[in-house]
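In: Give me the fold of what follows.
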Amino acid sequence: MLTPHQHRCQDCLDSQLYCCTCIVKNHVRLPTHIIQEWNSYFFQHISLKNMGLCVQLGHTLSDWCILPQRAFNDDFVLIDTNGIHEIGLDFCGCKISQTHTKQILCVGWFPSTSTDSQTAATFRVLHHYQILSFESKASAYEFYHSLVHLTDNTGLRRQKDCYESFMHMVREWHHLVMLKCSRRGHDLSGVMGTSEGQCTVLCPACPQPGKNLPDNWKDTPKTKSWLYGLFLAIDANFCLKRCAAYFMEESSYKSHILDRAGETQEKSTCSSHNAVNMADTKLSQGLAAMGVGMVDCAWHNMKRPNGVGDLQKGEKYMNMDYLFFSTLQHSVLDILNVSYDIACQWHKHLWSRMLTLPPSHHLNYLSKTVHFFIPKFHLPVHVSKCQTIFSFNFTHFVGHTDGEAPERGWSNINPIASSMKAMGPGCRRDTLDDHFGDWNWKKVVGLGLSLLSKMKETTAEKGEHRAAFEEFDSVITPENRTAWKAEMEAWEENPNNITVTITQASACLSLAQLEAEELEHGVDLLLHSDISPSVLIRSGIDLEQEQQHLKAMVDSMGIHAMDRQKLMILHTRMSLHRKLEAWRQTQYLNPENAEHMKLWLPSSLNSKACDLHLQHVEWELQFTQAHDALEELRQCLYIHCSLLTFKREWIQGQGANTCAQNALARIHNRQAAYIKRYRIAWGALKSLAPMLNKVDWCGHLQDLLDNDVKPLVDPFGTQGEGRRRLTWIWMMDGMDSHVDGGDADGVRVEWCKSRTRALRWAEEVELLQEEMRHVLQFLEWQADWWAARCDTAAHNEGLSAYAARQADIRHCMAGHFCHLWAPFISPDIMNEVTGFFSYIVLKLPKTTDTFGPGPGDKLPT
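Out: Next up, the predicted model:
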């Protein structure tokens, strides 16, 4: 009798209706497909198990077992990406059959238990959840219940609760994947021989002796040995609370913390750092861990082996000490650059505190060069002494490191904080280890583009800052240049607290000098008919300045001016009228306001006839007027910046702030007047230049834009010290002299900073080139290690295939990186690496037609 065709599969490409027998036959090896049955009214769900499908393990599709063994209680549940399925399952009971666990694993299912398993998950769903958790930070609870609702979103069908089993499988799967990627299956000592930190994804760009450093790296001179230094960054995160790859060994760590729990931490002598002063007062009630401390690679933001640990009560020195020395247990590098936001306090007595740690954590610091730094973003809140001594910007051989690597990584891990609060210690550590491993691997894969982007930016910055320094250096006298360079080199060898600041007394003195000069310019100039041409032009320029001053007075008067203010304006206008009448006796004076009257200086006549001698006289006077206006503008900027800093740090209260604001307003008005004075002189010079056939007359003078009006040191500037550039107004001849009250000390400091910026960017280029070599040589070492494990024996076929694939991945990555970095790495390195990987390819199955993938090819996963 023919059975009706009333069944269809939701997952197969074919939407045709089949009979029950055919649908079961088609899904013998597809037991997780979703089947629907037509009930004369609509399609409803029906399981393949209820239709009679029974999956036979241990045999091929056409070979049925003669001694099948039904799954325990005939109650087997399989979790897949499309839902949770009841499966009819038979194991093979033949004499040559494998264990039930191996039979399940051979079909790509992961059992929840090793005996009488009733639940399993497909490799596909476990891998899917692992990648999803890395990218979206979804918890296992959310993922599992999404599968529950995907299976039945009505709640009418009874489903077996497999959440706990799913959690066990997820943890076991993640742990096995970590061991597999860490080469433990290819090591003769196996899993039991795994040492601390051995499952870490290492940073290929950091110096790794025996892996990516030359054999004679210890014998390199000082000018090159800094390239083999290790950059570390330390920080803590209090979001990762809790009610062995990256974590250190727990028992010895907790024992050390317990032995020193009663010690009181030394208070900060720098700014009031809460991390130091409040370490003993952090609220930790009900928390087994307040957060985590971490040691990162400061350059590439990768987690260090044994560099992560729980914080029991605040960011205490004893916790951070243990983390720091734990990650350096097996380090043989001679140069350490350590960045920590409280390094100025933490580094004190560090070596004496080290003696309280286990002997395995002791570091022979006398044979090493250890530099301590404060990250650039955290540095401004420290006292001025710390801002100099612990600055990356002012230290040789660190490139353009900023030390803020840990801060960039917290945003990636913080979203899983809420799901970890209720985790047990083991699950929490495993979860963080898993996420840190994914973070490191993504960094490794992205090194090609990240180092390329850095190199392009650094090359451009190096050229710009070198050109800026050479321009600045060209206006410095040879005597000052030699003396300043000697002082700078001596300071770099032994940093001290030499700073240059302006006092309130010196600011008042400069203000008084400016006011005295204004009074001098305000004296009435009585012109006579037989005055000399130079006096005539000079008087015209002075009258032009008085017009600008009167305009400013009128603009600031407002619409509700008092009679006394109006009377003062009227007297000033009448006085200026008399001066203009004396200067323009032959001109008709109309009754317009004096500040708007046109002064017909030679530069205003354009191509009209004018005495050549008068044009030359105005040229000389306007040229000196432009330089004088720039000098006055620089003084105003210097005083304004200094008073602003003084107000921010010392002025409190409404009355004092009002007085300070008035003083700043007066300085700002003077600054605006000098800007206008320079622009008038600049316009006059541009008009006179064609008349007098002046060529290349500008020199260091330029058109003054609003963006050019910036102080020597801007306390509120948004640009970091490493990228800051001086505007052209500070690069004039004579800037390093004391003539006319020039700020020679400030110029000296800025010359040193400009030199330092150029040096740091040059070092950055060297460091990036060396890191590119590190990466390629590390991949060479890894590919060689994996290729050596390619065993052709039949019983090792799986291990050999995995090793060959890993070696090929490193080969493809190195080829891709070489293609990206070709313009920036030397031909010797390129030939060396190309030759090595050509040799490796001969030992592996051929997977690519050319050396490495092209820029558009995808890397193997």
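In: what pLDDT, on average, does stretch 145-157 get?
Out: Mean pLDDT, stretch 145-157: 92.
In: now do stretch 212-224
Out: 90.
In: Stretch 663-680 now?
Out: On average, stretch 663-680 scores 85.
In: Ok, stretch 87-94 next?
Out: 93.
In: Outside of it itself, list whatever touches it.
Out: 31, 48-49, 52-59, 65-71, 74, 76-78, 97-98, 100, 103 (C-beta atoms under 8 Å, 6 or more residues apart in numbering). C-beta coordinates here come from the backbone N, C-alpha and C atoms, glycine included.
In: Give me the buried positions along it.
Out: Residues of stretch 87-94 classed as buried: Ile87, Gly88, Leu89, Asp90, Phe91, Cys92 (neighbour count, 16 or more other C-beta atoms under 10 Å).
In: how far does it sit from the chain's center?
Out: Relative to the chain's own centre, stretch 87-94 is displaced by 55 Å; criterion: C-alpha atoms, centre = their mean, to the nearest Å.
In: again, but for stretch 703-713
Out: Between the centre of stretch 703-713 and the centre of its chain there are 29 Å (C-alpha atoms, centre = their mean).
In: Renumber starting at 552 from here on
Out: Got it, the first residue is 552 from now on, which makes the last one we talked about stretch 1254-1264.
In: List of residues touching that stretch?
Out: 1184-1185, 1188-1189, 1191-1192, 1222, 1226, 1229-1230, 1233, 1253, 1268, 1277-1281, 1294, 1297-1298, 1300-1301.
In: same thing with stretch 647-667?
Out: 608-609, 620, 623, 629, 642-643, 668-675, 677, 713, 716-717, 719-720, 723-724.
In: Narrow the buried residues of stretch 638-645 to those in strands?
Out: With strands defined by DSSP state E, the entries of these inside them are Ile638, Leu640, Asp641, Phe642, Cys643.
In: Any chance of a markdown table for those residues, columns distance to Gln1203?
Out: Listed next are these as a markdown table, based on distance: C-beta to C-beta, whole Å:
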| residue | distance to Gln1203 |
| --- | --- |
| Ile638 | 76 |
| Leu640 | 79 |
| Asp641 | 85 |
| Phe642 | 82 |
| Cys643 | 86 |
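In: what's the closest of those to Trp1042?
Out: Using C-beta to C-beta, the shortest approach to Trp1042 within those belongs to Ile638, at 75.2 Å.
In: what's the distance between the closest one and Cys563?
Out: With distances taken as C-beta to C-beta, to the nearest Å, Ile638 is found 18 Å from Cys563.
In: ok, back up a step: just the buried residues of the contacts of stretch 647-667.
Out: Of the contacts of stretch 647-667, these count as buried by 16+ other C-beta under 10 Å: 608-609, 620, 629, 642-643, 668-673, 677, 713, 716-717, 719-720, 724.
In: and those residues, which of them are in strands?
Out: Here DSSP E is the test, and the buried ones among the contacts of stretch 647-667 give Gln620, Leu629, Phe642, Cys643, Thr670, Ala671, Ala672, Thr673 as lying in strands.
In: From the contacts of stretch 1254-1264, list the buried ones, please.
Out: Looks like the contacts of stretch 1254-1264 have 1184-1185, 1188-1189, 1191-1192, 1222, 1226, 1229, 1233, 1277-1278, 1280-1281, 1294, 1297-1298, 1300-1301 buried, using 16+ other C-beta under 10 Å.
In: For Gly744, give me phi and psi.
Out: phi -90, psi 10 (degrees, to the nearest 10).
In: which residues touch it?
Out: Arg735, Asp738.
In: ditto for His725
Out: Gln681, Asp981, Asp985.
In: What is the helix or strand hosting the second one packed up against?
Out: Right, the one you point to is Asp981. Asp981 belongs to helix 976-996 when assigned by DSSP states H and E. Where contact means 3 or more C-beta pairs under 8 Å, 6 or more residues apart in numbering; DSSP states H and E, helix 976-996 is packed against helix 674-687, helix 714-732, strand 854-862, helix 956-964, helix 968-971.
In: hmm, 7 Å instead?
Out: When contacts are defined as 3 or more C-beta pairs under 7 Å, 6 or more residues apart in numbering; DSSP states H and E, helix 976-996 packs onto helix 714-732, strand 854-862, helix 956-964.
In: Out of these, which gets nearest to Ile1360?
Out: The nearest among these, by C-beta to C-beta, is helix 714-732 at 10.9 Å.
In: Pull the closest one out as PDB, backbone CA atoms only.
Out: Extracted in PDB, the C-alpha atoms of helix 714-732 (Å, rounded to 0.1, in the frame of the first residue of the first chain):
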ATOM      1  CA  TYR A 714      21.700  23.500  30.100                       C
ATOM      2  CA  GLU A 715      24.100  22.100  32.700                       C
ATOM      3  CA  SER A 716      25.300  19.400  30.200                       C
ATOM      4  CA  PHE A 717      25.800  22.100  27.600                       C
ATOM      5  CA  MET A 718      27.900  24.200  30.000                       C
ATOM      6  CA  HIS A 719      30.100  21.200  30.800                       C
ATOM      7  CA  MET A 720      30.600  20.500  27.100                       C
ATOM      8  CA  VAL A 721      31.400  24.100  26.300                       C
ATOM      9  CA  ARG A 722      34.100  24.300  29.000                       C
ATOM     10  CA  GLU A 723      35.600  21.000  27.900                       C
ATOM     11  CA  TRP A 724      35.600  21.900  24.300                       C
ATOM     12  CA  HIS A 725      37.200  25.300  24.900                       C
ATOM     13  CA  HIS A 726      39.900  23.700  27.000                       C
ATOM     14  CA  LEU A 727      40.700  21.000  24.400                       C
ATOM     15  CA  VAL A 728      40.800  23.500  21.600                       C
ATOM     16  CA  MET A 729      43.300  25.500  23.600                       C
ATOM     17  CA  LEU A 730      45.500  22.500  24.300                       C
ATOM     18  CA  LYS A 731      45.300  21.500  20.600                       C
ATOM     19  CA  CYS A 732      46.400  24.900  19.400                       C
END
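In: Let me know the angle separating that helix from helix 976-996.
Out: 40 degrees (axes from the mean of the first three to the mean of the last three C-alpha atoms, to 10 degrees).
In: C-terminal to helix 714-732, what's the next element?
Out: helix 773-776.
In: for the chain, what helix or strand is lowest in average pLDDT?
Out: helix 1055-1072 (a mean of 49; mean pLDDT, DSSP states H and E).
In: any idea how far Ser877 is from Gly780?
Out: 20 Å.
In: Between these two, which is the more surrounded one?
Out: Under the criterion of other C-beta atoms under 10 Å, the comparison of Ser877 against Gly780 puts Ser877 first, with 26 against 21.
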